[in-house]
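Student: Structure of the sequence below:
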Amino acid sequence: MDATLKKLTDFAFQLGYDDLPPVAVHECKRHIIDTLACALGGFNAEPSKIARAVARRVSSETPARILGTLEPSSPELAAFANGVMMRYLDLNDATGTGGGHPSDMFAALLAAAEATKTDGKTLITAAVAAYELYLGFFAGMQVRNGGYDHVVYTVMAAAAGVAKIMKLDHRTMANALSLALTPNMALGVTRRGQLSMWKGCAGGNASRNAIFAIQLAAEGLTGPQSVFEGDHGVWNAVGKFDWPSFAGQDRPFRITATQIKIYPCVYPGQSPVEATLAIGSRIDPGEIEAIVVRTYLNSWWESASEPEMWAPATRETADHSIPFLVCAALLDGKVDAATFTAERLSDPRLRALMQKVRVIHDKELDKLQPPVDPCRLEITLSNGEKKLSSVDYPKGHVKNPASDKDIESKLVGLNNGLLSPGQVSGLLDVCWRLEELDDVRELVSAMRI
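Tutor: Below you'll find the predicted structure:
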């Protein structure tokens, strides 16, 4: 196998629970709570219903359950259905710099853990390993502007986590990583133009493909052993890159450097929304003459570089549109799931206000990236007065972290009456003592709607 594939397999295969510092274990539990909160919030969305309808048609000798309904399906289709729920609101965690959402992988990890009656410590170890590979892949590859979607990271890293849960040997794990990556270099068109329902399904699909790759490898199917460095491998497709060092004594585990979202929108929208809310209550929208948002390159490219961002026709486009998000925050004083109703998308008042927005790529702000998520907002009123607002670290950023209570409140707020108060308390209790569980199915069972 090539050196990169061996390096990744060595790390994932060798990592044990005893190698994890308490901060990594705690952060993993925080991200699980956050992800399950998002799944509750996305449970009744149309793509979630479609995914569940497909998944419930299938049975398996090693079933995994669909979150909420607890209907059995095959592990790969349960992962798909659960992943769509987790991702729909665009509210699960993020790299913060255009690298997607590592928590998409929990769909695969939970399904695999259910199918194999895995204990909590193994799930935590698998998740931390998967986050390490996902974020390392992103740091080295940076594919978003190269035509590939960030779920390329998801499928490979999720396969590594599932391989640990399935206790594959070293060679079989390497084949699984190759079989996950080789056929699944997903296209970035998923997040360009007028966005479709697939935007919220791509992560779940990557989790589905990760489990399928594991199933094939476990039966003895082999994959290309030079998937990274060989002719027509990853390096040919995106350019040669160096894989960054793994966590160790000189560097914390990357799961601790992942951002939590507060607002249900693309991560580059978090700072513009927060900057707007900080001053919006003091502004009469009818008096606004112009709105200028200054942001960094990836933010501009992802959320303001196309005309569709000034005329979003779908929820998926609106939650990726800085003009829409800023104007909705000005008119409503908030951005939440109700911001993206069909009525709101077509609101003529909001549409008119969006035409007053300019989003500027400010090269000076590029210099602050990636540790800072900067936004500079200037609103000019009809009397010439200017209102200014600036955000560098939106709530949920690692430099302005969400507290454990914040994350619990997020779950309570997104529950929407699906679980009783007692069930919510029970779910939180199971999550916080995850390392004590002998069987992760206890966690999934706590999600019965």
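
Student: Break the chain down into its structural domains.
Tutor: 3-262+411-445, 267-391 (automatic domain parsing).

Student: The longest one: end-to-end distance?
Tutor: To tie it back to what came earlier, the one meant is domain 3-262+411-445. Length of domain 3-262+411-445, first residue to last, Cα to Cα, to the nearest Å: 41 Å.

Student: The closest residue to residue 308 other than its chain neighbours in helix, strand or coil?
Tutor: Closest residue in space to residue 308, ignoring its immediate chain neighbours: residue 194 at 4.8 Å, by Cβ to Cβ, 6 or more residues apart in numbering. Glycine gets a C-beta too; all of them are placed from N, C-alpha and C. With DSSP: H, G, I helix; E, B strand; the rest coil as the basis, residue 194 sits in coil.

Student: host element of the residue lying closest to residue 242 once chain neighbours are set aside?
Tutor: Of all residues not flanking residue 242 in the chain, residue 140 sits nearest, at 6.2 Å (Cβ to Cβ, 6+ apart). Following DSSP states H and E, one finds residue 140 within helix 120-141.

Student: Quick check: mean pLDDT of that helix?
Tutor: Helix 120-141 comes out with an average pLDDT of 95.

Student: so what does that helix touch, helix or strand wise?
Tutor: If contacts are counted by 3 or more Cβ pairs under 8 Å, 6 or more residues apart in numbering; DSSP states H and E, helix 120-141 sits against helix 3-14, helix 22-41, helix 106-116, helix 151-165.

Student: how far off helix 22-41 does the shortest one point, in degrees?
Tutor: Helix 106-116 and helix 22-41 are oriented at 100 degrees to each other (axes from the mean of the first three to the mean of the last three Cα atoms, to 10 degrees).

Student: Now render the domains of the chain as JSON lines, adding distance to residue 404 and mean neighbour count.
Tutor: Shown next, in JSON lines, are the domains of the chain (distance: least, Cβ to Cβ, whole Å; neighbours: other Cβ atoms under 10 Å):
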{"stretch": "domain 3-262+411-445", "distance to residue 404": "7", "mean neighbour count": "21"}
{"stretch": "domain 267-391", "distance to residue 404": "20", "mean neighbour count": "19"}
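
Student: Quick check: which of the ones you listed is nearest to residue 399?
Tutor: Across the domains of the chain, residue 399 has its closest neighbour in domain 267-391 (7.5 Å, Cβ to Cβ).

Student: Now that closest one: average pLDDT?
Tutor: Mean pLDDT, computed over domain 267-391, is 96.

Student: from what I can see residue 325 touches residue 264, true?
Tutor: No. With contact defined as Cβ atoms under 8 Å, residue 325 does not reach residue 264; the gap is 9.9 Å.

Student: shared neighbours of these two, which are they?
Tutor: Taking Cβ atoms under 8 Å, 6 or more residues apart in numbering as the criterion, residue 325 and residue 264 both touch 319, 335.

Student: Name the nearest residue to the spatially most central residue of the chain, sequence neighbours excluded.
Tutor: Central residue of the chain (Cα atoms, centre = their mean): residue 101, 2.1 Å from the mean position. Leaving aside its sequence neighbours, residue 101 sits nearest to residue 92 (Cβ to Cβ, 6+ apart; 5.1 Å).

Student: That neighbour: what's it in contact with?
Tutor: 34, 35, 38, 86, 101, 103, 104, 261.

Student: got a pLDDT number for it?
Tutor: 96.

Student: circling back to that earlier point, surely the residue nearest to the centre of the chain and residue 91 touch.
Tutor: No. Counting by Cβ under 8 Å, residue 101 stays clear of residue 91, with 9.5 Å between them.

Student: Show me where the stretch 151-300 of the chain dips below the pLDDT cut-off.
Tutor: For the stretch 151-300 of the chain, the stretches with pLDDT under 70 are 249.
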